[in-house]
Every structure is written in structure tokens, then in C-alpha cells.
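# Sequence isn't available, so here's the structure alone:
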């Protein structure tokens, strides 16, 4: 698959060079080419060269794409819950595997729901599973695992909560490419744009999967399959938590990004949270408590609560 993709890129570059040459010649010889032809040949030739001009001027943006590496087995559209947020589920299967995956998406209006960063030290002296972070009050709606941590259970990357700094360093490794800013209008920004002094709350995670509506070109190991979790902001300003159901199999970043860029979503920015065994999600749906269990306890989490 990788070799085929590389060959396709070479062919496209070569094709664009040919088009450039043809367009350059056409600029000088367009009327000469048409001169002397009968009417129907002139029309066909004119349409053909018009196509070349459109292609050339558009930067060669005529779509070509590689075949999806997954199939959708079941997909349900957005539904609203009694708690006031929307949810959506998708079950799929990798084409070259018998393993299936399930993704759930929880969409929250920022004017109705708060997003908070919860540190482990607020309830314990060691990491815990996400269902321990909430006291199950009615206003607590959902909670998902936070960012990366070391073998001692300490959060990695910058972490600031209510003006208290838990981790001072802003990591420069590409995997920590994003900062979540949960206050007011929820934002996800690139780490290079972050000024720690300007924000009361911030957590560094990553990598960014989608930035400014485009897929992050710097993603590596995109075909490795693991459990995944993340946070996205869509074009309406809603923030969306998502995770793989740990009762199913995992998913690759490649497949995940294809889904996030697909029909039914309009993401501006999407960031990956610590996945793998750390992937876990607790949420209330229509009065029921649902938990996607994790394998590892986590030191930080993102909490969604109803605004008072």
C-alpha cells in the first residue's frame, strides 16, 4: 500500500508538469490549434483545453484518494439525550482483520456545559480510574481520560488548573503538539502558539489530528491499532468527546482521521488524548451510567458538567 501511494504521488507530480507545459504552449497557440478545424472538432478541443486550464488553475485539486481501510457495519446519527447533549455511535471493521471497533461521540453545547480539567491530587495521591473522579452529582455528565503520564503517575506536558501550575514545562516533542483551553469558548491550539501566562486553565496533550480543518500532515505511526480517545471542536463551537468502546477492538489514527473527516462531522480542531490502556470514558445517557473501562489508572481527566 505504501509503495502504491508513492507511485501515485510521482504520477501526479509528473502529470502536473505535463499540464503546466501544455498550458504554457496553449497560452501562445490556442487560436492556432483551433484554426482550420471544422466546428465539432473545435468544440471538443475547446472543452478539452478548458478542462486543462481549470485543472491547472485549481492547483491540480481534482480528487484522488486511496481506498478506505475499513467498512462501516452500523452507524447511528446524532440523537439528543435527556441530559441535553447529543451522541452518535459508529461500528466498523478493518478490512484486513476480523476485529471490529465501536466509536462513541458525545457533543456538548459550550453555553450549556462546562469543560474542566481534573488533577489526580484533588481526590487522591495516586492515579485512579475516571469513574472515581466524579461524585455522580446530577451536574456531572461525562468524564474522559486526560494526557500522558510517567511511570510514577505524574502528568507529562504543561498542566495548569485554576491558576495552579502542576507541570511547568511546555513539552516540545511532536506528540505533545496541542493545548486544550477549557475556559469560556473552548479551544484547542498548537503548542507553539501557547502562552502559559495568558490562561487560567490549560492541559498539554496530543498529537493534533486535525488543525484548522485540515489533517495534521506530521502524524506518524498512523496504521498502529490501539484504543483511542480524544476531544474535538466543530464549526458550531460545540466540543465533542470521543472514545473507542473498550469492549471492542482498537483503531488506527489513519482510520480515525478518515472517520473524523467524513460525513456527519465538521471538525475545526481535534486532539488525541492518551489512548491505549488509558482509554476510558464515563458518561450519563438517558439516566443510565455507562463506563468504558480502562486498563490503566490515569492522573488527569476532562470533566463535563451542566452549567448552573
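Happy to help now that I have it. Please read all numbers here as calculations on a predicted model, not as lab measurements. Residues are numbered from 1 along each chain as shown.
# Would you mind pulling the contact partners of stretch 87-96?
68-79, 81, 99-107, 225, 248-249, 251-252, 255, 259, 264, 285 (C-beta atoms under 8 Å, 6 or more residues apart in numbering). C-beta coordinates here come from the backbone N, C-alpha and C atoms, glycine included.
# Out of those, list just those in strands.
By the criterion of DSSP state E, membership of the contacts of stretch 87-96 in strands covers 70-79, 100-107, 285.
# returning to what we had before: buried members of the contacts of stretch 87-96 into ChimeraX, please.
Command for ChimeraX, covering only those of the contacts of stretch 87-96 found buried under the criterion 16 or more other C-beta atoms under 10 Å:
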select :69,70,81,100,101,102,103,104,105,106,107,225,248,249,251,252,255,259,285
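# which residues sit in contact with the residue nearest the centre of the chain?
The C-alpha lying nearest the average C-alpha coordinate of the chain belongs to residue 270 (C-alpha atoms, centre = their mean; 3.6 Å). Shown in contact with residue 270 (C-beta under 8 Å, 6+ apart): 188, 208, 209, 210, 230, 231, 232, 233, 260.
# top of those residues by neighbour count?
With neighbours taken as other C-beta atoms under 10 Å, the top of the contacts of residue 270 is residue 230, carrying 28 neighbours.
# What's opposite that residue in the beta bridge?
residue 242, residue 272 (DSSP bridges).
# what's the pLDDT at it?
Confidence at residue 230, expressed as pLDDT, is 96.
# in the protein, what spans have low per-residue confidence?
Counting by pLDDT under 70, the chain has low-confidence residues at 1-67, 120-126, 134-137.
# Against which helices or strands is the strand or helix carrying residue 289 packed?
Residue 289 is part of strand 288-292 when elements are defined by DSSP states H and E. With contacts defined as 3 or more C-beta pairs under 8 Å, 6 or more residues apart in numbering; DSSP states H and E, the packing partners of strand 288-292 are strand 281-285.
# List the neighbouring strands of the strand it packs on plus their orientation.
In the sheet, strand 281-285 lines up against strand 140-145 (antiparallel), strand 288-292 (antiparallel) (DSSP bridges).
# The next helix or strand after the last one pairs with which strands, and in what direction?
On the C-terminal side of strand 288-292, the nearest following helix or strand under DSSP H and E is strand 300-306. As defined by DSSP bridges, the strand partners of strand 300-306 come to strand 113-119 (antiparallel), strand 140-145 (antiparallel).
# Of all these, which one is nearest residue 300?
Put simply, out of the strands paired with strand 300-306 the one that sits nearest residue 300 is strand 113-119, at 5.7 Å, with distance taken as C-beta to C-beta.
# what about the residue nearest to the centre of the chain, helix or strand, and which?
Under the assignment given by DSSP H and E, the secondary-structure element containing residue 270 is strand 267-272.
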